[in-house]
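**Student:** would you be able to build a 3D model of this:
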Amino acid sequence: MLRTALIMVRGRWSGFAGAFVALCLGVALISMTALVYVSAAPRVPDRYEGTGVLVRAPAAEQAEGFFLEDRPWSPEAVTVLTGRLRGVPGVTAAVADRSFYAQAVVGGRPVPGYSRGHGWSSVALAPYGPVEGRPPERDGEVVLDRALGISPGSPVTLLTAAGPVPYTVTGTLDAPGFHVTDAAAARLSGGVRVIGLVTAADADPARVERMAREIVGGEGEVLAGDARAALEPRSDARTRWIGTQVLAGMAAVSGFVSVFVVASTFAFGVVQRRREFGLLRLVGAAPRQVRLMVYGEALAVGAVAAAAGAVLGAVLAPALGGLLVEAGFEPPGFSVRAALWPPVASFGIGLGVALLAVWSASRRAGRVRPLEALREAEVDRRPMTPARWIGGAVLTALGIGLAAATAGAAADAIVNYCLYAAMALILGLTLLAPVVVPPVVRVLSWPLSRTRGAAGMLVREELLAAVRRTAATAAPILVTVGFTVLVTGMTQTTAGAFALGRTAAVRAEAVVVPDGTPGLSDAAVAAAGGVALLPTTVYGEGGPPLEAAGITPEALARSADRLEVVEGSPGAVRGGDGAGGTELGAVVARWLADERGWRAGGAVTLAFEDGRTETLVVTAVVADAPVAVLLPRDTVRSHDPSALTGEVLVDGAVRAEIPGGRVLGADAYARNAGDEEDRLVWIFTLILVGMAVGYTGLAVANTMVMATAGRAADFRVLRMAGATPRQVLGAVAAESAVVTALGTALGVAVAFPALLGMRSGLSEKIGAPVPLIVPWPVVLGVIGGCLVLAVGAAVVPALAAVRRGR
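**Tutor:** Model prediction:
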């Protein structure tokens, strides 16, 4: 049977071309994404490449999608640990690595790029070259990156968390960042999370690592070799996490659509080849032999396509990695590493997909009766089976129910409900297509029936006579258009709803936001005035790190009417030293209070960014706090000298110069506040849409080619009846246009109920009407692409058939 299958594939290669290309591209994409995924492992930061053994503070538990810093050691613990680690044989220095915000100001503008400062001792942890000039020796002196073009002895202004500060450049390095004295770094930074062990040239790294573990014990984690990659910046970890979501989405779409295209190719092929299978049954072939032959064809096509795709993916993986870096889905410096198992695994997945996709087609082929070899009529006698009726009805009802439920769903479930509703409707209408197609075709082809001549009537009746073929060619277009309208409309409508929510939440005439900086300094906040939160991270006695923010009592009083108080009084937040002065207070979110059993009036102990702990009184529990814990602003600043403000809400005009900031109106702020995140989401959306359109476009072309190639006898009859080649090709093109319109209408019909339900749910959550936003240029471009593919894929083989029939 395998030999017979190979002969059949060789004789009908055009019928398997679409399955081959789809599977090849699918395997190539899986191979590429797998190679990029295995290459996306953390790497050792450049700043620590020169140190073989590092000690870090205990890693904190992180919630999914959060990348907060680990809890630092207390100052006392740092002193004890560095002192003990210096005594390890072969260790010449134990460097407490400190980091703080610093950014050069040149020409009145902050210089973009690396914006971190460090103590001078940290230079010993990296393989940097010699310094040109001399190290910093007193406050106000700095060694900076040679790439800035500022020579030693020159003045420079550094923007810090306090504001602009004048410095004198004493030296330059071929390294990013700003290096000040260790004493200055200790004042400007928070706590210490990393201690680097500088060793002598003749030191035994393994012995140093072993003795360091004995000293540190449970107070930290000793890292050596590749394990040092655990110290990668949290921003890089977040970027990699986003990239992983993109890769997972690409692989999932690739796998699903590959199965869809291969399955539709073989299923449609079985319908077209029923006489062939009937003839095999007539000469004695058993149903099992027919099934094995179809499996053999899939195996032959799958093996070649999977091998080609695995090699193609390995070749193109570096290019994909570069594109992901440019788009912001992988951190700078990322590169794809060679590995053997991803292409091999992709090959195996390709074979599995091919065999899985033909399971249903092989069973249908085995059920073909011998008398089918004698059947001449092309009219579908039974386009719907009972299983198809039941499946289509259930899925359609489920989709309608989910679309209705979307309007009342919880905020975090609206998008999922919308997706599930659309998926159910797409699958349901695809199954019910033979029932839905005739009435829709009659409506869409009505203009053709009013034209002169028989061409319009011929197109209409041909589509109605071969309902299963019409449904099979319209299904990929339905999926393409439905997916495009759903995903792009969902993304844009959600972004618009969030912008509307930000507009409603911002009760200010203007908002000051960072301009070329990661945040606003205290000087910028003071110049702007208004309400501002100072974000930081705090650490409880258990659980993951918590997002917190500092706020002044005056700003809290102005914001009190926006907080839904569960218990206590938010206005009771007070600052002080917590010793003999005013008691420290905190406002906590209700979810946190419920999770940890905190109540208003109770005391909680929190650790701050400098490693020190404070006992605070919970003054209030609120339902809609902007962060987990609200604290007095001066308390946050005293524990986190490098914290930066994200934005300042201002009533009235801002006339003062804002260092590192710019002023936006409330509407402009609402539109721009999520710019970077919206950009990444939109790029991800376009990637998924592009992949889906590419694959389903291939399915459209493949189905059209197979359908047209099997109608050579029909074209000969038309020519014998007097039709010119131009009229035959015109009829074929008109059929393709009607099929495209049919798939488009059904695709829009399945997407809009889900989108309308999502819009209703978002409107209820935000408390204002949310407009339904569909990016019609993108949707029309996809529809136009489907039309061109469908017409071209039908006309080209029809032209060849007409020429052969002359």
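
**Student:** for the stretch 701-806 of the chain, which segments count as helices?
**Tutor:** Secondary structure of the stretch 701-806 of the chain (DSSP state H, counting those that start in this stretch): helices at 712-720, 725-766, 776-804.

**Student:** may I see these organised as TSV, with distance to A102 added?
**Tutor:** No exception for glycine: its C-beta is placed from N, CA and C like everyone else's. As requested, these are exported to TSV (distance: least, Cβ to Cβ, whole Å):
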stretch	distance to A102
helix 712-720	75
helix 725-766	39
helix 776-804	42
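
**Student:** out of those, which gets the lowest mean score?
**Tutor:** Least confidently modelled of the helices of the stretch 701-806 of the chain is helix 712-720, at a mean of 71 by mean pLDDT.

**Student:** quick check: buried residues in that one?
**Tutor:** Neighbour counts using 16 or more other Cβ atoms under 10 Å place A712, D714, F715, R716, L718, R719 of helix 712-720 among the buried residues.

**Student:** how is the chain divided into domains?
**Tutor:** 1-43+233-379, 46-232, 386-504+676-806, 510-675 (automatic domain parsing).

**Student:** so for the second one, mean pLDDT?
**Tutor:** For domain 46-232, the mean pLDDT works out to 90.

**Student:** quote the end-to-end distance of it.
**Tutor:** End-to-end distance of domain 46-232 (Cα to Cα, to the nearest Å): 9 Å.

**Student:** is it true that L563 touches V621?
**Tutor:** No. With contacts counted by Cβ atoms under 8 Å, L563 stays clear of V621, the gap being 10.1 Å.

**Student:** what do the two both touch?
**Tutor:** Taking Cβ atoms under 8 Å, 6 or more residues apart in numbering as the criterion, L563 and V621 both touch V587.

**Student:** between these two, which one's more packed in?
**Tutor:** Higher neighbour count among L563 and V621: V621, with 23 against 18, using other Cβ atoms under 10 Å.

**Student:** report the beta-bridge partner residues of that one.
**Tutor:** Here V621 sits in beta bridges with E567, V588, going by DSSP bridges.

**Student:** hang on, it packs against R599?
**Tutor:** Yes. Using Cβ under 8 Å, V621 is in contact with R599, at 7.1 Å.

**Student:** between those two, which contacts overlap?
**Tutor:** By Cβ under 8 Å, 6+ apart, the residues touching both V621 and R599 are E567, A593.

**Student:** does G694 belong to a helix, a strand or coil?
**Tutor:** At G694 the chain is in helix, as set by DSSP: H, G, I helix; E, B strand; the rest coil.

**Student:** burial count for the nearest residue to it once chain neighbours are set aside?
**Tutor:** Leaving aside its sequence neighbours, G694 sits nearest to L25 (Cβ to Cβ, 6 or more residues apart in numbering; 7.6 Å). The number of residues packed near L25 is 23, by other Cβ under 10 Å.

**Student:** then L292?
**Tutor:** Other residues near L292 come to 19 when the count uses other Cβ under 10 Å.

**Student:** I'd like the average pLDDT over whatever helix or strand L486 lives in.
**Tutor:** Assigned by DSSP states H and E, L486 belongs to helix 467-505. Averaged over helix 467-505, pLDDT sits at 76.

**Student:** name the helices or strands packed onto the following helix or strand past that helix?
**Tutor:** Where DSSP H and E defines the elements, the next helix or strand beyond helix 467-505 is strand 510-514. The contact analysis (3 or more Cβ pairs under 8 Å, 6 or more residues apart in numbering; DSSP states H and E) places strand 510-514 against strand 648-650, strand 661-665, helix 666-672.

**Student:** weakest of those by average pLDDT?
**Tutor:** Among these, helix 666-672 has the lowest mean pLDDT, at a mean of 67.

**Student:** so how far is A354 from V290?
**Tutor:** V290 sits 18 Å away from A354, going by Cβ to Cβ, to the nearest Å.

**Student:** over to R367?
**Tutor:** From R367 to A354 the distance is 21 Å (Cβ to Cβ).

**Student:** tell me which of the two has more neighbours.
**Tutor:** Neighbour totals were compared for R367 and A354, and A354 leads with 29 against 15 (other Cβ under 10 Å).

**Student:** now that one: which helix or strand?
**Tutor:** Going by DSSP H and E, A354 is part of helix 341-357.

**Student:** who are the packing partners of that helix?
**Tutor:** helix 13-39, helix 234-272, helix 287-327.

**Student:** just the pLDDT at the residue nearest to L664 when sequence neighbours are not counted, thanks.
**Tutor:** Distances taken as Cβ to Cβ, 6+ apart place V511 nearest to L664, at 5.1 Å, with adjacent residues excluded. Looking at V511, its pLDDT reads 85.

**Student:** can you start the count at 38 instead of 1 from here on
**Tutor:** I'll keep to 38 as the first residue from here, and by that count the last item is V548.

**Student:** let me see the contact set for V548.
**Tutor:** Shown in contact with V548 (Cβ under 8 Å, 6+ apart): E684, V685, L686, V687, V700, L701, G702, A703, Y706.

**Student:** what are the bridge partners for it, then?
**Tutor:** Under the criterion DSSP bridges, V548 forms beta bridges with L686, L701.

**Student:** how far away is it from P790?
**Tutor:** 37 Å.

**Student:** likewise for E546?
**Tutor:** 40 Å.

**Student:** picking up where we left off before, any idea which of the helices of the stretch 738-843 of the chain gets closest to G262?
**Tutor:** G262 sits nearest to helix 813-841 of all the helices of the stretch 738-843 of the chain, at 47.6 Å, using Cβ to Cβ.

**Student:** which positions within that closest one qualify as buried?
**Tutor:** For helix 813-841, the neighbour count (16+ other Cβ under 10 Å) marks 815-816, 819-820, 823-824, 826-836, 838-839 as buried.

**Student:** what about that helix, distance to the chain center?
**Tutor:** Centroid separation for helix 813-841 versus its chain: 32 Å, with Cα atoms, centre = their mean, to the nearest Å.

**Student:** which other helices and strands contact that helix?
**Tutor:** Using 3+ Cβ pairs under 8 Å, 6+ apart, helix 813-841 sits against helix 504-542, helix 712-746, helix 749-757, helix 762-803.

**Student:** closest one to R318 among those helices?
**Tutor:** With Cβ to Cβ as the criterion, R318 lies closest to helix 504-542 of those, at 20.6 Å.

**Student:** who are the packing partners of the closest one?
**Tutor:** Applying 3+ Cβ pairs under 8 Å, 6+ apart, we find helix 504-542 packed against helix 271-309, helix 451-468, helix 470-481, helix 703-709, helix 712-746, helix 762-803, helix 813-841.

**Student:** what is the third one packed up against?
**Tutor:** With contacts taken as 3+ Cβ pairs under 8 Å, 6+ apart, helix 470-481 sits against helix 492-502, helix 504-542, helix 762-803.

**Student:** which one of those lies closest to E313?
**Tutor:** The closest of the helices and strands packed on helix 470-481 to E313 is helix 504-542. By Cβ to Cβ, the value is 16.7 Å.

**Student:** quick check: buried residues in that closest one?
**Tutor:** Within helix 504-542, the residues scored as buried using 16+ other Cβ under 10 Å are 504-540, 542.

**Student:** related to what we said a few turns ago, tabulate the helices and strands packed on helix 470-481 (TSV), appending distance to S372.
**Tutor:** Shown next, in TSV, are these (distance: least, Cβ to Cβ, whole Å):
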stretch	distance to S372
helix 492-502	52
helix 504-542	30
helix 762-803	39
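
**Student:** ok, which of those helices comes nearest A130?
**Tutor:** Of all the helices and strands packed on helix 470-481, helix 504-542 sits nearest to A130, with 49.0 Å by Cβ to Cβ.

**Student:** now do that closest one: distance to the chain's middle.
**Tutor:** On Cα atoms, centre = their mean, the centre of helix 504-542 falls 17 Å from the chain's centre.

**Student:** again with stretch 472-483
**Tutor:** How far stretch 472-483 lies from its chain's middle: 39 Å, per Cα atoms, centre = their mean.
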